[in-house]
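**Student:** Return atomic coordinates for the entry below.
(one chain, ligands or ions: 1)
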Amino acid sequence: MWTDTAGSARANLGFYLDAYARADGPVVELGVGDGRIAVPAAERGRAVVGVDLSEAMLDLCRRRARQAGVLDRLTLIHADFRKFELDTPAALVALPYHSLGHLLTLEDKGRLISHIYSQIRPGGRFIFDDFLMTPALVAHMRRVELRAEYRTAAGADVLLWVTSLVNEPARSIRVVTWEDELDAEGGLARRRYRRLSLSWVEPSQARAMLTEAGFTIEACYGDFDRTPFSDRTAREQIWVARKPA
Ligand SMILES: C[S@@+](CC[C@H](N)C(=O)[O-])C[C@H]1O[C@@H](n2cnc3c(N)ncnc32)[C@H](O)[C@@H]1O
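**Tutor:** Alright, predicted model coming up:
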């Protein structure tokens, strides 16, 4: 629900669907989650290998694919994306939606990028996006935001909230979300918190990690409309890297 209600999720969907469609061989999505991107890609005829550490997310992905009638186009691997092994090297590995941020140290992120390099065929691509932590985004993340209102299967009214502790020197984010379940009078019946640690890299660090792993950088965009990255206007950092042929 948190992912589905984020504005940036809507923005990146078309970008990744297009990249998956253009790939001329096996497509792998790391941190496939509930199949938000992989299932529509499969509906467009593209086979996708999805890797995720969470069995619960893979179950949601399977359910979504089954409902769409495309389960046979997905191969789901339950693994840490730092260790996944492919039978056939990928033409495209994607790590969408700031998922690099789940690794909390620069060393770990660098190791992941080197491992991804090992699983891509010569000439294949690695595409990922990461937070671009501008003062405006920091201020936005620190706000308490009502993200959604919905009703549970049992009929309870729920408000979904989010805020974050952002530590700029450490480049770390502690995301706190909570669901308020309301009683018939609108009072608070139950509150449930979830917390998640993330971190981001500066564009210079992303560039250095890609180059060190052996990738050639084809493009860096500042938004999902493929506007070339510029410090003045960028809202994201979106990297397209290629393993030399
Ligand atoms: C922000 S979600 C992105 C989901 C999907 N790619 C999308 O764009 O909607 C990140 C996903 O990465 C998974 N994940 C986090 N750390 C992981 C790891 N070390 N190995 C594999 N998957 C991981 C989480 O379980 C979660 O499903």
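
**Student:** And the residue most central in space within the chain, how close does it get to the ligand?
**Tutor:** The centroid of the chain falls nearest to residue 97 when counting by CA atoms, centre = their mean (2.5 Å). Separation of residue 97 from the ligand (CB to the nearest ligand atom, to the nearest Å) stands at 3 Å. For glycine as for every other residue, the C-beta is placed from the backbone atoms N, C-alpha and C.

**Student:** where does this structure dip in pLDDT?
**Tutor:** For the chain, the stretches with pLDDT under 70 are 1-8.

**Student:** So which bits of stretch 157-172 are buried?
**Tutor:** Buried residues in stretch 157-172, counted by 16 or more other CB atoms under 10 Å: 158-162, 164, 166, 171-172.

**Student:** Of those residues, which pair is most distant in space?
**Tutor:** 158 and 171 (32.2 Å; CB to CB).

**Student:** Give the helix, strand or coil label for the residue located most distally from the centre of the chain.
**Tutor:** Going by CA atoms, centre = their mean, the residue of the chain most distant from its centre is residue 185, 37.8 Å out. Here residue 185 is recorded as coil under DSSP: H, G, I helix; E, B strand; the rest coil.

**Student:** Can you spell out the domain ranges of the chain, please?
**Tutor:** 7-132+201-242, 135-199 (automatic domain parsing).

**Student:** re the thing from before, how near is the spatially closest residue to the residue nearest to the centre of the chain that is not a sequence neighbour to residue 200?
**Tutor:** Distances taken as CB to CB, 6 or more residues apart in numbering put residue 12 closest to residue 97, at 6.0 Å, once the chain neighbours are dropped. Using CB to CB, to the nearest Å, we find residue 12 at a distance of 16 Å from residue 200.

**Student:** what about the longest helix in the protein?
**Tutor:** helix 7-22 (DSSP state H).

**Student:** residues in contact with that helix?
**Tutor:** When contacts are defined by CB atoms under 8 Å, 6 or more residues apart in numbering, helix 7-22 is touched by residues 3, 27, 29, 36-37, 40-41, 44, 46, 48, 92, 94, 96-98, 125, 127, 129, 223-224, 226, 236, 238.

**Student:** With stretch 59-76 instead?
**Tutor:** 32-35, 38-39, 42-43, 45-52, 58.

**Student:** is that stretch anywhere near the ligand?
**Tutor:** No: for stretch 59-76, no contact with the ligand is found by CB under 6 Å from any ligand atom; the gap never falls below 8.6 Å.

**Student:** Between the two ends of that stretch, what distance do you get?
**Tutor:** Here the two ends of stretch 59-76 are set 10 Å apart, with distance taken as CA to CA, to the nearest Å.

**Student:** Tell me how far it lies from the chain's centre.
**Tutor:** 18 Å (CA atoms, centre = their mean, to the nearest Å).

**Student:** Next: stretch 33-50.
**Tutor:** 14 Å.

**Student:** Contacts only, for residue 146.
**Tutor:** 159-161.

**Student:** Over to residue 46?
**Tutor:** 20-21, 23, 27, 73.

**Student:** And stretch 203-212, what's buried?
**Tutor:** 203, 206-207, 209-210.

**Student:** Please apply the same query to stretch 71-85.
**Tutor:** 71, 73-74, 76-77, 81, 84.

**Student:** Going along the chain, name the helices of this protein.
**Tutor:** Counting by DSSP H, the helices of the chain are 7-22, 38-43, 55-68, 106-118, 135-142, 203-213.

**Student:** Sweet, I'm off.
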